[in-house]
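Trainee: My questions are about this predicted structure, shown below with the sequence.
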Amino acid sequence: MDIETARTILFLITGIGIVAWMGGLRFLVASRRAGKSTVDERFQLPDHKASQSKTFQSLIFGTAEVDGEPAALADRAATALAKGTGLPFGPLKIVEKSERQLRFEGGLVDPSGKGVGQLVRRGQLQFTRQRDDRTTVDYGVEISGGRGLLIGGAVCLLLGLIALIVGFVLINQYVVSSPKPAVRGQTFQMLQTVHFLWPPFLFGWLYRYRFRAVRGAFDTFVHNLPYTDQ
């Protein structure tokens with residue numbers, strides 16, 4: 001491999017790496033924004049109502065209209081959450097209940113010592129009567145943790161940038177400029193930087209998945225309330 005070919009390959013791989021790094025940065029930033037929600041004033045989650053900010057991290061809201069009376073649905077929901085049925089997070093702690101509202105907390109630990117409800121920090125269900133024996137069920141849930149995923153993604157972005165810069169400088173100086181064709185053939189080692197470029201996508205996806213999982217679980221739970229045994 002001649003010097004010009006080796007240099008062209010190095011620039012090509014580095015250019016692709018820069019594009020991948022920028023993509024990882026945008027994906028991670030978009031993932032963080034996906035966790036921000038505009039607060040719904042109907043929900044009085046602690047530490048949120050007093051804040052002057054209108055957006056919060058790790059909050060999801062949803063609503064559904066189902067058959068049944070508010071009081072009966074609230075009873076069904078409290079029983080299901082306390083027993084850990086209907087949701088994949090295990091039992092949740094009921095902290096307040098009325099005929100129109102139900103508040104709960106997560107992060108419980110079962111007798112075996114295995115954590116359950118770890119995705120849910122706390123939340124609230126509200127039941128509003130509609131016509132024709134129908135009830136609107138609104139839910140607001142605060143998801144716990146997740147910051148470590150964003151930090152991990154940011155660290156990998158930094159390492160990826162360092163890998164691209166250091167890799168380019170070293171290979172350009174000691175490999176591409178080498179008088180030995182066999183050494184110049186090692187220019188393809190620049191591809192090793194990919195190991196630092198894909199983790200931000202993984203961390204961002206895992207962060208987003210937590211929101212999709214909780215939203216999907218509560219949406220299904222609320223729609224199934226009329227068919228839940230007390």
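Mentor: Noted; the coordinates are in hand.

Trainee: rest of the way, CA atoms for contacts and neighbours
Mentor: OK.

Trainee: Flag every buried residue along stretch 175-192.
Mentor: Residues of stretch 175-192 classed as buried: 175-178, 183-185, 187, 190 (neighbour count, 16 or more other CA atoms under 10 Å).

Trainee: I misspoke; the intended subject was stretch 159-170.
Mentor: Neighbour count says stretch 159-170 has 159-161, 163-164, 167-168 buried, by 16+ other CA under 10 Å.

Trainee: what's the closest of the buried residues of stretch 175-192 to residue 126?
Mentor: residue 190 (55.9 Å; CA to CA).

Trainee: contacting residues for the closest one?
Mentor: The contact partners of residue 190, by CA atoms under 8 Å, 6 or more residues apart in numbering, come to 10, 13-14, 167-168, 171.

Trainee: Next, check the buried residues of stretch 175-192 against the strands and list the overlap.
Mentor: If you go by DSSP state E, these have nothing in strands.

Trainee: Most widely separated two among the residues you listed?
Mentor: Farthest-apart pair in the buried residues of stretch 175-192 is 178 and 190; separation 15.5 Å (CA to CA).

Trainee: A strand includes residue 94, no?
Mentor: Yes - checked against DSSP: H, G, I helix; E, B strand; the rest coil, residue 94 lies within a strand.

Trainee: residue contacts, it?
Mentor: Contact partners of residue 94, counting by CA under 8 Å, 6+ apart, are 78, 81-82, 102-105.

Trainee: cool, and residue 204?
Mentor: Each residue near residue 204 by CA under 8 Å, 6+ apart is listed here: 27-28, 31-32, 149-150, 153.

Trainee: Just the mean pLDDT for stretch 206-223, thanks.
Mentor: Mean per-residue pLDDT for stretch 206-223: 90.

Trainee: Find out how far that stretch is from the centre of the chain, if you would.
Mentor: Between the centre of stretch 206-223 and the centre of its chain there are 10 Å (CA atoms, centre = their mean, to the nearest Å).

Trainee: next one: stretch 81-99
Mentor: How far stretch 81-99 lies from its chain's middle: 22 Å, per CA atoms, centre = their mean.

Trainee: What part of the protein, helix or strand, is modelled with the least confidence?
Mentor: Lowest by mean pLDDT, DSSP states H and E among the helices and strands of the chain is strand 55-57, with a mean of 49.
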